[in-house]
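Engineer: Predicted model, plus sequence, below.
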Amino acid sequence: MRAIVVVDTFWGIGKGNDLLFSLPADMKHFRETTAGKVVVMGSNTLLSFPGGKPLKNRTNIVLWPGGAREDCTVVQSLPDLLEEVAKYPPEEVFVVGGAMMYRTLLPYCSGAIVTKADADGGAEVFFENLDELPAWRLRQESEPVETNGITIRFCEYENTAPLPLQK
């Protein structure tokens, strides 16, 4: 399982239950990376999508205590979520938000795909600064790309000590 996220210069990820930036190059990267895969999210992230609908061409798993949907897999608790995620090959599973899901699931992630935006988005919620966590290592960083007036870099991090997902 890996996290996939866009962060600003301060590792900010959101404001007002929305993304900080509109970055077409990152959206394309996200679509290409997660298409046909499993995406894991909290209920607020699902509801923030257009029409509150799950992402197309993906298996959507949503942690939503008390929630129920027919158009995605809803789990009620973290143990249920970990059990559901363990049914899939780890390299096919992506945590896509929000902040609580990232905080909760990051220790279980073997890696993270981080789009770093060279801008301050005025964030209210933040992702862990992986550069400061001892178990996390930067494996790869792309050349800068300009999108919608903002310079971004696609980075891949590795967690050298992820917690095991129980089957």
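Structural biologist: That came through fine. Numbering: from 1, shown residues only.
Engineer: export the longest helix along the chain as CSV, just CAs?
Structural biologist: In the chain, taking DSSP state H as the definition, the longest helix is helix 24-34. Below are the C-alpha coordinates for helix 24-34, written out as CSV (Å, rounded to 0.1, in the frame of the first residue of the first chain):
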residue,chain,number,x,y,z
PRO,A,24,-3.6,19.5,-14.5
ALA,A,25,-0.2,17.7,-14.8
ASP,A,26,-0.7,16.2,-11.3
MET,A,27,-4.3,15.2,-12.0
LYS,A,28,-3.1,13.4,-15.2
HIS,A,29,-0.3,11.7,-13.1
PHE,A,30,-2.9,10.7,-10.4
ARG,A,31,-5.3,9.2,-13.0
GLU,A,32,-2.5,7.3,-14.8
THR,A,33,-1.1,6.0,-11.5
THR,A,34,-4.3,4.9,-9.9
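Engineer: Leaving out sequence neighbours, find the closest residue to residue 8.
Structural biologist: residue 121 (4.1 Å; CB to CB, 6 or more residues apart in numbering). For glycine as for every other residue, the C-beta is placed from the backbone atoms N, C-alpha and C.
Engineer: Tell me how many other residues crowd the one you found.
Structural biologist: Residue 121 is flanked by 19 other residues according to other CB atoms under 10 Å.
Engineer: pretty sure it contacts residue 12?
Structural biologist: Yes. Residue 121 lies in contact with residue 12 (CB atoms under 8 Å); the separation is 5.3 Å.
Engineer: Please enumerate the shared neighbours of those two.
Structural biologist: Counting by CB atoms under 8 Å, 6 or more residues apart in numbering, the contacts common to residue 121 and residue 12 are residue 20.
Engineer: Would you tell me what the next helix or strand after the longest helix of the chain is?
Structural biologist: Scanning forward in sequence from helix 24-34 by DSSP states H and E, the next helix or strand is strand 38-42.
Engineer: Contacts only, for residue 3.
Structural biologist: Applying CB under 8 Å, 6+ apart, the residues contacting residue 3 are 94, 95, 102, 105, 106, 109, 111, 112, 113, 114, 127.
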